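A.B. asks: here's a sequence, model it:
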Amino acid sequence: MKAVTVSANSKALKDLLNRARRRDVILESEDGEQYVLARITNAQSFFIGDTDDFASEVELTRKNKRLMKFLDERGARAKKRKGASLAQVRRRLGLKSSE
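C.D. replies: Sure thing, here's the model as predicted:
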């Protein structure tokens, strides 16, 4: 995902951002493609580089010690919790089995 800074001169984009502060916004292009503009809160982000080369991104990600520590901690926390089976989740959500 790429972060883009919105110029203070861009009134239309600033208006959309103000709307997204209150509620998620679905943007629809003239040809019908849809995009979601949503406010991100309490997100922890990690910069791993600005490249389209996947192998390079993997290498940069592995070298990011802060990210690796974060993933290790999250993994350790997840292992302590009891998960729910797919069938249990479907029941909780009132969904039919895929069978």
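
A.B. asks: what about Val36, which SS state?
C.D. replies: Following DSSP: H, G, I helix; E, B strand; the rest coil, the label given to Val36 is strand.

A.B. asks: mind listing the helices for the protein?
C.D. replies: Taking DSSP state H to define them, one finds helices in the chain at 11-22, 54-63, 65-80, 86-93.

A.B. asks: distance from the chain centre to the third one, please.
C.D. replies: The chain centroid and the centroid of helix 65-80 are separated by 17 Å under CA atoms, centre = their mean, to the nearest Å.

A.B. asks: quick revisit: export the helices of the chain to CSV and tack on mean neighbour count?
C.D. replies: From N, CA and C alone the C-beta is placed, and that goes for glycine too. CSV is the format used below for the helices of the chain (neighbours: other CB atoms under 10 Å):
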stretch, mean neighbour count
helix 11-22, 12
helix 54-63, 12
helix 65-80, 10
helix 86-93, 11
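
A.B. asks: how about those, which one is nearest Gln34?
C.D. replies: With CB to CB, the closest approach to Gln34 among the helices of the chain belongs to helix 11-22: 14.0 Å.

A.B. asks: pull the CA atoms of the closest one into PDB?
C.D. replies: Taking C-alpha atoms only, helix 11-22 is exported to PDB below (Å, rounded to 0.1, in the frame of the first residue of the first chain):
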ATOM      1  CA  LYS A  11     -10.200  21.100  -1.900                       C
ATOM      2  CA  ALA A  12     -12.000  18.100  -3.300                       C
ATOM      3  CA  LEU A  13      -9.700  15.600  -1.600                       C
ATOM      4  CA  LYS A  14      -9.700  17.600   1.600                       C
ATOM      5  CA  ASP A  15     -13.500  17.400   1.600                       C
ATOM      6  CA  LEU A  16     -13.400  13.600   1.100                       C
ATOM      7  CA  LEU A  17     -10.900  13.200   3.900                       C
ATOM      8  CA  ASN A  18     -13.200  15.200   6.200                       C
ATOM      9  CA  ARG A  19     -16.100  13.000   5.300                       C
ATOM     10  CA  ALA A  20     -13.900   9.900   5.900                       C
ATOM     11  CA  ARG A  21     -13.000  11.200   9.400                       C
ATOM     12  CA  ARG A  22     -16.700  10.800  10.300                       C
END
